[in-house]
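*Asks:* Need the 3D shape of this:
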Amino acid sequence: MDGFYHVDQAMDTSPKDPYVISLIYSVVALFLLIPPQEVRSAGLTLERIFQNQLGSESLDFVGYHMRRTTLTRLVALLVPFGYFAILSLYRPDLLKVTFVYTGLLVSLAVAVLAIAFSLYYWRTKWASHPLARTLAKHGDNWRFVAGNINTEFRRIDKFTTGPTSGRVIVTESWLIKVGIFTVHVSKLSETVLALQNSALISNAQADVLQSVQRLSIKVTSANTAVGDFMIHVPGLEYRDFRSRLPFVHVVNVRGVTVQQTVGEQFVAAFIEQADRNNIYRLDPNTELDSCLGCMVARPDAKLVKLCAADEDGDCRNCRCRPQWCLSCMARWFASRQDQHRPETWLSSSAPCPNCRSRFCMLDVCRVVEDTAR
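*Replies:* I've put the predicted structure just below:
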């Protein structure tokens with residue numbers, strides 16, 4: 001029976017051992033096509049190696065990703081031929097094995113076709129590239145659509161999240177998913193999003209292993225020529241992501257719960273504590289302006305020293321009239337804390353945003369109208 005070894009042969013652990021060659025080649029190919037963060041930090045990626053040929057993503061987003069996806073596909077399709085070629089070079093006797101000989105010929109044919117298609121894209125000035133065909137579904141002239149995307153991508157107000165293998169970008173008019181081999185594009189005015197599920201993903205930050213929520217969202221376009229695709233957004237970034245899509249309908253029929261940020265959790269705890277404190281009764285005839293923080297809500301927060309006697313502790317009585325709502329007061333309080341130690345926020349203090357008298361969460365009262373008067 002054909003094979004790498006005869007049964008009676010002792011296992012060879014030299015560098016020419018096919019298993020050693022296969023292992024080393026697989027690791028190198030995997031790191032080249034899907035590099036981990038450590039490899040990216042070292043600059044050992046296709047994008048960095050061929051940065052002069054690929055150009056600038058910020059100046060020519062569409063053109064850059066046409067060249068990048070073409071290069072990535074080409075390298076991926078050359079990997080099998082490289083494997084069999086190296087295997088045959090180090091162990092010529094393996095060419096007698098049917099699997100190796102057939103694999104070499106088939107991978108050579110695939111490599112030739114990959115090079116031919118890459119040259120074809122280049123000779124047609126990228127008009128035949130899959131991304132060009134994708135953009136053509138959004139307008140009669142794909143180059144006009146590409147120009148619009150390039151212009152919006154250069155603006156600083158775009159939203160970007162996710163790893164390189166599935167980066168999500170939201171511009172003024174477009175939702176884009178950048179993958180390793182493909183780029184998906186959907187026009188925001190034609191887009192409907194559906195929350196599918198959530199999962200906890202391990203994420204190492206500052207040598208601490210944390211679980212981060214990842215939301216899977218299905219993107220569907222009213223344009224039937226545009227196929228559906230999936231994007232993944234971290235739960236802590238979902239509200240920022242959602243704020244960039246004011247006119248996009250989001251469906252959550254499965255009742256997916258989105259993880260709150262630390263700031264949102266603190267605001268909820270701050271308001272809950274204020275509701276446990278004494279209430280501040282306000283004369284119903286007193287006129288109040290809108291909250292100084294959001295300029296929308298009615299002020300419903302009043303600072304009254306309740307944590308200790310008047311002269312005890314760091315907190316002081318505040319003489320300001322109600323000018324802030326509880327949500328904005330909570331955000332102000334959080335902004336004055338050590339952002340790297342959120343576990344200390346509940347027991348800390350902050351200055352009044354107006355008179356700078358210090359207060360803690362025990363000094364925050366909800367304002368209610370005194371209907372008894």
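
*Asks:* Please, which helix or strand holds Val185?
*Replies:* Per DSSP states H and E, Val185 falls inside strand 183-187.

*Asks:* For that strand, C-alpha coordinates in CSV please.
*Replies:* C-alpha atoms of strand 183-187 as CSV (Å, rounded to 0.1, in the frame of the first residue of the first chain):
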residue,chain,number,x,y,z
VAL,A,183,-15.9,42.5,1.5
HIS,A,184,-19.7,42.8,2.1
VAL,A,185,-21.5,46.1,1.5
SER,A,186,-25.0,47.2,2.4
LYS,A,187,-26.6,50.7,1.9
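
*Asks:* Give the other helices and strands that that strand contacts.
*Replies:* Strand 183-187 is packed against helix 130-136, strand 174-179, strand 208-221, with contacts defined by 3 or more Cβ pairs under 8 Å, 6 or more residues apart in numbering; DSSP states H and E. Just so you know, the C-beta spots here come from the backbone N, C-alpha and C atoms, and that holds for glycine as well.

*Asks:* Go ahead and name everything in contact with it.
*Replies:* Strand 183-187 is contacted from outside by 65, 69, 131, 134-135, 138, 149, 173-177, 219, 221, 223, 226-227, 229, using Cβ atoms under 8 Å, 6 or more residues apart in numbering.

*Asks:* between it and strand 208-221, how many degrees?
*Replies:* 60 degrees (axes from the mean of the first three to the mean of the last three Cα atoms, to 10 degrees).

*Asks:* Now strand 183-187: buried residues?
*Replies:* By neighbour count on 16 or more other Cβ atoms under 10 Å, the buried set for strand 183-187 is 183-187.

*Asks:* Now the element after it, going C-ward?
*Replies:* Following strand 183-187 in sequence, per DSSP H and E, is strand 191-205.

*Asks:* Now do the buried residues in that next one.
*Replies:* 191, 193-196, 198.

*Asks:* Which parts of the stretch 201-350 of the chain are helices?
*Replies:* For the stretch 201-350 of the chain, applying DSSP state H, counting those that start in this stretch gives helices covering 238-243, 262-276, 326-335.

*Asks:* CSV please, covering those and showing distance to Leu89 and mean neighbour count.
*Replies:* Formatted as CSV, these follow (distance: least, Cβ to Cβ, whole Å; neighbours: other Cβ atoms under 10 Å):
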stretch, distance to Leu89, mean neighbour count
helix 238-243, 49, 16
helix 262-276, 56, 16
helix 326-335, 62, 20
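
*Asks:* which stretch among the ones you listed comes nearest Leu306?
*Replies:* Nearest of these to Leu306, taken as Cβ to Cβ: helix 262-276 at 10.8 Å.

*Asks:* packing partners for the closest one?
*Replies:* helix 326-335, strand 364-369.

*Asks:* now these as TSV including distance to Asp300 and mean pLDDT?
*Replies:* Shown next, in TSV, are the helices and strands packed on helix 262-276 (distance: least, Cβ to Cβ, whole Å; pLDDT from 0 to 100):
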stretch	distance to Asp300	mean pLDDT
helix 326-335	6	92
strand 364-369	5	90
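
*Asks:* Now render these as TSV, adding distance to Thr45.
*Replies:* Below are the helices and strands packed on helix 262-276 laid out as TSV (distance: least, Cβ to Cβ, whole Å):
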stretch	distance to Thr45
helix 326-335	37
strand 364-369	50
